[in-house]
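>>> no sequence for this one, just the structure:
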């Protein structure tokens, strides 16, 4: 199965969720900024990456984990992808996960300042604080996703 | 094969383009087209099935929001990771000058008469843009 975590920039919440899914970071310990910066793509994307589906890794059940930045297109973007999979007859092969519901204002402001404005030294600390606060929410989202995947696989 | 006409919305210019491609656009009265300016259909985000062409290809209309290029790129990426190619699903972006304005019209709240305003102005704009839409379709057919 292909699992796509998506958020505004495909740079923070989706990347962190994908890293949690893949076990790249410990879900029981809130990571520090230096630890988060070791995650591939974390706070490193550019405007050219919007709309690109990037592979983060493969989980223990051979599911491919991807991240995507979709700007402010909301939940609808997930439906667009699911709709395309549906008309191709592979709906069961795809799961899209919107991470925006777990993003707080500090992450939005910090992420915008760091990525869009390019003021990394100003945005990154704000982003770090926001990410720490949202960490458990993201852990929860990933756990729900993993359950959904297991159910989907069992149904098949 | 599936053919998807992509627009900023799937219920205005890309919908008309799909009907032109199928030879189903009889008049300029777009209101007779199923799902024309149907905002609930648009907000679902799912491709809208329009019909089958003479070669048996299924033709769809789809709205991907104000960044058409980004939407196209994402769908092309998705096709690759799902193991498909343009032989299985062909994307045909339909771009017109007023596409952003059309997308904005759909954002007027219903309680302010958004549905009627959207329908009224969309028809006027799309009649003026019909030649450009036809040109988009002709380029695709050639």
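Arrived safely, thanks for sending. Because the structure is a prediction, the values reported are computed rather than measured.

>>> what sits against residue A:15?
Counting by Cβ atoms under 8 Å, 6 or more residues apart in numbering or on different chains, residue A:15 makes contact with A:5, A:39, A:40, A:41, A:42, A:56, A:67. (C-beta placed from N, C-alpha, C; glycine too.)

>>> I'd say the fifth one and residue A:10 touch.
No: counting by Cβ atoms under 8 Å, residue A:10 is not a contact partner of residue A:42; they are 10.5 Å apart.

>>> those two: which is more packed in?
Set residue A:42 next to residue A:10 and count neighbours by other Cβ atoms under 10 Å in any protein chain shown: residue A:10 wins out with 28 against 23.

>>> and the more buried one, how far is that from residue A:121?
22 Å (Cβ to Cβ, to the nearest Å).

>>> ditto for residue A:74
Applying Cβ to Cβ to residue A:74 and residue A:121 gives a distance of 31 Å.

>>> of those two, which one has the most company?
Set side by side, residue A:74 and residue A:121 show more neighbours around residue A:74, with 15 against 8, by other Cβ under 10 Å.

>>> contacts only, for that one.
Counting by Cβ under 8 Å, 6+ apart, residue A:74 has contacts A:98, A:100.

>>> strands along chain B, start to end?
Counting by DSSP state E, the segments of chain B that form strands are B:2-7, B:48-52, B:58-63, B:89-93.

>>> tell me what angle the third one forms with strand B:89-93.
Pointing back at strand B:58-63 there. Put simply, strand B:58-63 runs at 40 degrees to strand B:89-93, going by axes from the mean of the first three to the mean of the last three Cα atoms, to 10 degrees.

>>> what about stretch B:103-122, start to end distance?
One end of stretch B:103-122 to the other measures 10 Å (Cα to Cα, to the nearest Å).

>>> and residue A:145, what is it in contact with?
Contacts for residue A:145 (Cβ under 8 Å, 6+ apart) come out as A:3, A:5, A:17, A:21, A:95, A:97.

>>> for residue A:131, same thing?
Counted by Cβ under 8 Å, 6+ apart, residue A:131 has contacts A:12, A:13, A:16, A:36, A:107, A:110.
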